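# With the input below, show me the fold.
(one chain, ligands or ions: 1)
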Amino acid sequence: MKSSFGPHAPIVEILRTLGVDARPAEPLARHTSFKIGGPAEAFWEPPDEARAVVAARAVHDRGLPLLVVGLGSNLLVSDRGFGGLVLSLARACRDVRREGTTLSAGAGVSLAKVAHVAAEHELSGVEFAVSIPGTVGGAAVMNAGAHGRSAQDVVQRVRVWDPARGVVVLPREAMRYAYRSSQAQREPWVVLGVSFALTPAPRAAILRTMRDHMEHRRATQPVGEKNAGSMFKNPPGDFAARLIEAVGAKGWREGGARVSTLHANFMANDGTATARDVLILMRRVAAAVWERFHLALAPEVRWVGPPEGEDGTTWDNLWLPGAGP
Ligand SMILES: Cc1cc2nc3c(=O)[nH]c(=O)nc-3n(C[C@H](O)[C@H](O)[C@H](O)COP(=O)(O)OP(=O)(O)OC[C@H]3O[C@@H](n4cnc5c(N)ncnc54)[C@H](O)[C@@H]3O)c2cc1C
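Below you'll find the predicted structure:
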């Protein structure tokens, strides 16, 4: 039997022969902070790392698509879904261990938990991450950051499964970090865990910093709305939010999607938004910024799905000058 997602045998059946009981047609809207996205052909939350690797290997060796999700807080998933296996490492990679001033955390651990465990051990360095709603794996891949710091400042080593080498421990340099960018975005790696190099500091000071970060976020970001954080990267020396606000885009709507009135670089789903709505709104915003400032905004949020967006344009050329509505 062929899969309705593509010309390959259904992934759920391939995995079943390996003893893996993946869920078919799992709505990805359930696994993203935007609450948008069609079904994944197969979805699995493996109980341990070894089985996560077996499943990743099985789909990789057959040339089938694999997506690892953290908390889905930086994803825009196509309304048509994802024709491959989606793996969540929430159960398989959830340990946090401290050795001296190094804290090692599984890829599925939330950043908030890492920050709190570090504080318990009187270790400073990951306070910035307390209010970023992602996992350790997602932060390592995205080089997530806030308050002037990002993953690259504290990541020491990253354990990944690499189809060519198996499980390997990479030094930070191998991640080739840049602003919201890493080598892991260009490689078929599954991040399994990360070691953070921290420094001793009094617990009270660490907790105070974490509290300040949380308060700042509550005051400046639309907490409680369905969104995916910043939609666009900040251009060098500027802020995407400033540019978007300057073109008067705050409050713009498309279907169920709206440019946030609190933070112009956020978009909110009112509960009915489709990926298509968001794509069209992103394109309108990017086109307006291009027209006024001759600056091409690049998306920070990552597209999951067929390469062409729902409105017919491709994700890659959506933002180029002249690609306006
Ligand atoms: C309200 C809100 C505020 C935000 N604020 C910030 C902020 O201040 N700073 C910031 O940088 N970001 C921010 N974000 C975006 C987001 O939280 C970060 O990008 C975060 O690092 C994503 O983590 P995640 O675990 O949710 O990853 P996901 O969104 O699930 O995935 C992101 C990418 O990483 C890949 N990935 C995830 N885990 C793994 C893994 N184990 N192995 C291989 N690949 C993996 C995915 O395939 C995908 O390509 C915000 C988002 C929201 C909703």
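# how far does stretch 141-161 stretch from start to finish?
Counting by Cα to Cα, to the nearest Å, the length from the leading to the trailing residue of stretch 141-161 is 13 Å.
# Okay, buried residues for that stretch please.
Applying a neighbour-count criterion of 16 or more other Cβ atoms under 10 Å, one finds 141-147, 150-155, 157-161 buried in stretch 141-161. Glycine gets a C-beta too; all of them are placed from N, C-alpha and C.
# Equivalent analysis for stretch 234-248, please.
N234, P235, A240, A241, L243, I244, E245, V247.
# Kindly reformat these as JSON lines containing secondary structure and pLDDT.
Shown next, in JSON lines, are the buried residues of stretch 234-248 (DSSP: H, G, I helix; E, B strand; the rest coil; pLDDT from 0 to 100):
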{"residue": "N234", "secondary structure": "coil", "pLDDT": "94"}
{"residue": "P235", "secondary structure": "coil", "pLDDT": "93"}
{"residue": "A240", "secondary structure": "helix", "pLDDT": "96"}
{"residue": "A241", "secondary structure": "helix", "pLDDT": "97"}
{"residue": "L243", "secondary structure": "helix", "pLDDT": "97"}
{"residue": "I244", "secondary structure": "helix", "pLDDT": "98"}
{"residue": "E245", "secondary structure": "helix", "pLDDT": "98"}
{"residue": "V247", "secondary structure": "coil", "pLDDT": "98"}
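# so can I have CSV of the residues you listed showing distance to the ligand?
Listed next are those as CSV, based on distance: Cβ to the nearest ligand atom, whole Å:
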residue, distance to the ligand
N234, 11
P235, 16
A240, 12
A241, 12
L243, 18
I244, 16
E245, 18
V247, 22
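# And the residue of the stretch 201-325 of the chain closest to the ligand?
Residue nearest to the ligand within the stretch 201-325 of the chain: G229 (2.4 Å; Cβ to the nearest ligand atom).
# can you count the residues close to A249?
A249: 18 surrounding residues under other Cβ atoms under 10 Å.
# ok, and which of the buried residues of stretch 141-161 reach the ligand?
V141, M142, A144, G145, A146 (Cβ under 6 Å from any ligand atom).
# is it true that the first one touches S182?
Yes: with contact taken as Cβ atoms under 8 Å, V141 and S182 are classed as touching, separated by 5.8 Å.
# quick one on the thing from earlier: let's see which of the buried residues of stretch 141-161 end up in strands.
Applying DSSP state E to those, the entries found in strands are G145, A146, S150, V155, R157, V158, R159, V160, W161.
# for the residue nearest the centre of the chain, phi and psi?
In the chain, the C-alpha nearest the mean C-alpha coordinate belongs to N74, at 3.6 Å (Cα atoms, centre = their mean). In terms of degrees, to the nearest 10, the main-chain angles of N74 are phi -130, psi 30.
# Count the residues that sit near the residue of the stretch 201-325 of the chain closest to the ligand.
A count of nearby residues for G229, using other Cβ under 10 Å, gives 21.
# repeat for L71
20.
# Hmm, it is touching A139, no?
No: using Cβ under 8 Å, L71 makes no contact with A139, being 10.2 Å away.
# which SSE is the closest residue to A241 other than its chain neighbours in?
Residue nearest to A241 in three dimensions, not counting chain neighbours: N265, with 4.0 Å by Cβ to Cβ, 6 or more residues apart in numbering. N265 belongs to no helix or strand when elements are defined using DSSP states H and E.
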